[in-house]
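Novice: From the sequence below, what's the structure:
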Amino acid sequence: MEFLQIFPHVNAALNTSSGIFLILGLCFILAKKVHAHRACMLGASAFSVLFLVCYITYHTLRTSVYGLGPTKFAGEGLARPIYFTILTSHTILAALVGPFIIATLWRALKGRFDAHRRLARLVYPVWLYVSVTGVAVYVMLYHLYPAK
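Specialist: Next up, the predicted model:
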């Protein structure tokens with residue numbers, strides 16, 4: 001069971017890495033460094049896929065193998081509505097953004113840069129938000145208000 005305890009930290013590191021690559025990718029494309037942008041966006045995609053695999057593995061093991069429920073948020077007062085607002089928006093957007101990330105990436109890889117750019121302007125901020133709020137949820141759940 002101690003094996004499970006590493007997953008939230010790995011997931012946060014993967015989300016953080018994805019977010020860093022997203023920010024660097026934006027900086028590179030604004031500087032017209034297309035190859036560096038491409039490398040960063042592929043890196044962000046890879047970290048996001050790894051995150052998804054680890055996230056699903058963690059929750060499958062936690063519920064199906066060990067019979068544990070979800071981790072309880074221990075914060076009280078104003079922290080609770082803040083946490084659950086962030087968690088809810090993060091969860092909904094994370095569930096919706098995946099196919100759009102794939103479509104954006106596909107357009108770029110096929111050289112359809114005008115279509116890629118139009119879609120990326122909508123998808124990028126959502127993807128970055130999901131990465132950042134994933135880390136925020138982790139910090140609140142495991143560091144600021146850990147279960148006792």
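
Novice: where does this protein have low pLDDT?
Specialist: Applying pLDDT under 70 to the chain flags no residue at all.

Novice: can you do 80?
Specialist: 1, 148 (pLDDT under 80).

Novice: Which parts of it are strands?
Specialist: Under the criterion DSSP state E, strands are not mapped anywhere in the chain.

Novice: Of all residues in this structure, which one is nearest the centre?
Specialist: By C-alpha atoms, centre = their mean, the chain has its centre lying nearest to Ser131, at 3.4 Å.

Novice: for that one, what are its contacts?
Specialist: Residues near Ser131 by C-beta atoms under 8 Å, 6 or more residues apart in numbering: Asn15, Thr16, Ser18, Gly19, Leu22, Ser48. In short, each C-beta sits where N, CA and C put it, glycine included.

Novice: Kindly reformat these as CSV and extend each row with distance to Trp127.
Specialist: Converted to CSV, these look like this (distance: C-beta to C-beta, whole Å):
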residue, distance to Trp127
Asn15, 11
Thr16, 14
Ser18, 8
Gly19, 9
Leu22, 6
Ser48, 8
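
Novice: Now for those: which two are most distant?
Specialist: The span of the contacts of Ser131, defined through C-beta to C-beta, is set by Thr16 and Ser48 at 11.6 Å.

Novice: out of the two, which sits in the more crowded spot?
Specialist: Ser48 (25 against 17; other C-beta atoms under 10 Å).

Novice: where along this structure do the helices fall?
Specialist: 7-30, 34-60, 79-109, 113-139 (DSSP state H).

Novice: returning to what we had before: which among the contacts of Ser131 gets closest to Met140?
Specialist: Nearest to Met140 among those is Asn15, at 13.5 Å by C-beta to C-beta.

Novice: Buried residues of stretch 125-138, list them for me.
Specialist: Neighbour-count burial for stretch 125-138 flags Trp127, Leu128, Tyr129, Val130, Ser131, Val132, Thr133, Gly134, Val135, Ala136, Val137, Tyr138 (criterion: 16 or more other C-beta atoms under 10 Å).

Novice: of all the helices of the chain, which lies closest to Lys72?
Specialist: helix 79-109 (11.3 Å).

Novice: what's the angle from the closest one to helix 34-60?
Specialist: Per axes from the mean of the first three to the mean of the last three C-alpha atoms, to 10 degrees, the angle that helix 79-109 makes with helix 34-60 is 130 degrees.
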